[in-house]
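>>> predicted model and sequence below, questions to follow.
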Amino acid sequence: MNDFRTNLNTFCFCFMYQLKRTQFIKADIKTCWDFFSSPNNLKVITPPYMGFEVKTEVPEKMYEGLMISYTVRPLFGIPMSWITEIKTVKENEFFVDEQRKGPYTIWHHEHHFKEVEGGVEMTDIVSYVIPFGILGKIAHPFVVRKKLEEIFAYRFKKVDEIFNS
């Protein structure tokens, strides 16, 4: 399958997309960081229909080089393996995870935290490339982008309930 993706992207074009979301959180930076830097809390802010299950034992706090394996069901309830690596961690400021195995050709997710008056401004920046070249580009707005928007809307709502209610 990976050879097919590589060949198709070689003959078509590789299209990179980005999703950026910013949210205000009524909490101090330490509380915010402790919550978001714990791999165990990812399930809390992921829509239940995604069937998110961590498959590896994870520590309470992430660290650079941490590999996390999980199963998700993003489309039609079909289980999919996903492995991410925590690439960069700067305590109380940002961390980056990248897909090592999964549905995307490239997945680079930055999580930024900035103290502001009354709380923390959290910004997610996801840069991604989907497989299948021009076919992926055609499917992007109807399937992939729509699904990511839905997932991040759920995440926004859950974070708001947890910290801002």
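Yes, it's here. Residues are numbered from 1 along each chain as shown.
>>> and the host helix or strand of H109, what does it pack onto?
H109 is part of strand 106-116 when elements are defined by DSSP states H and E. Counting contacts by 3 or more CB pairs under 8 Å, 6 or more residues apart in numbering; DSSP states H and E, strand 106-116 packs against helix 29-36, strand 94-101, strand 119-129. Backbone N, C-alpha and C define where each C-beta goes, glycine included.
>>> report the buried residues of the last one.
Residues of strand 119-129 classed as buried under the neighbour-count rule (16 or more other CB atoms under 10 Å) are 119-120, 122, 124-129.
>>> now the helix or strand that comes right after that strand: mean pLDDT?
Downstream of strand 119-129, the next assigned helix or strand under DSSP H and E is helix 133-139. For helix 133-139, mean pLDDT rounds to 90.
>>> tell me how far R21 lies from V116.
Distance from R21 to V116, counting by CB to CB, to the nearest Å: 16 Å.
>>> do the same with Y49
33 Å.
>>> just the angle for the strand holding H109 relative to strand 94-101, thanks.
Here strand 106-116 points in a direction 160 degrees away from that of strand 94-101 (axes from the mean of the first three to the mean of the last three CA atoms, to 10 degrees).
>>> quick one: contacts of strand 106-116?
For strand 106-116, contacts defined as CB atoms under 8 Å, 6 or more residues apart in numbering pick out 16, 24, 28-29, 32-33, 36, 84, 92-99, 120-129.
>>> please redo it, this time with the cut-off set to 7 Å
29, 32-33, 36, 92-99, 120-129 (CB atoms under 7 Å, 6 or more residues apart in numbering).
>>> what do you get for stretch 57-75?
37-40, 50-56, 79-89, 95, 100, 147.
>>> among the residues you listed, which are in strands?
Mapping the contacts of stretch 57-75 onto strands (DSSP state E) picks out 53-54, 80-89, 95, 100.
>>> separation between the residue most central in space within the chain and Q99?
Of all residues in the chain, the one closest to the mean position by CA atoms, centre = their mean is H109, 5.5 Å from it. Distance, H109 to Q99, using CB to CB: 8 Å.
>>> C-alpha coordinates for stretch 15-25, CSV please?
C-alpha atoms of stretch 15-25 as CSV (Å, rounded to 0.1, in the frame of the first residue of the first chain):
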residue,chain,number,x,y,z
PHE,A,15,-1.0,18.7,-1.5
MET,A,16,-0.3,20.0,2.0
TYR,A,17,-3.2,21.3,4.1
GLN,A,18,-3.3,23.0,7.5
LEU,A,19,-5.9,23.3,10.2
LYS,A,20,-5.5,26.0,12.9
ARG,A,21,-7.6,26.4,16.0
THR,A,22,-7.2,28.7,19.0
GLN,A,23,-9.1,28.4,22.3
PHE,A,24,-9.1,30.4,25.5
ILE,A,25,-8.9,28.3,28.6
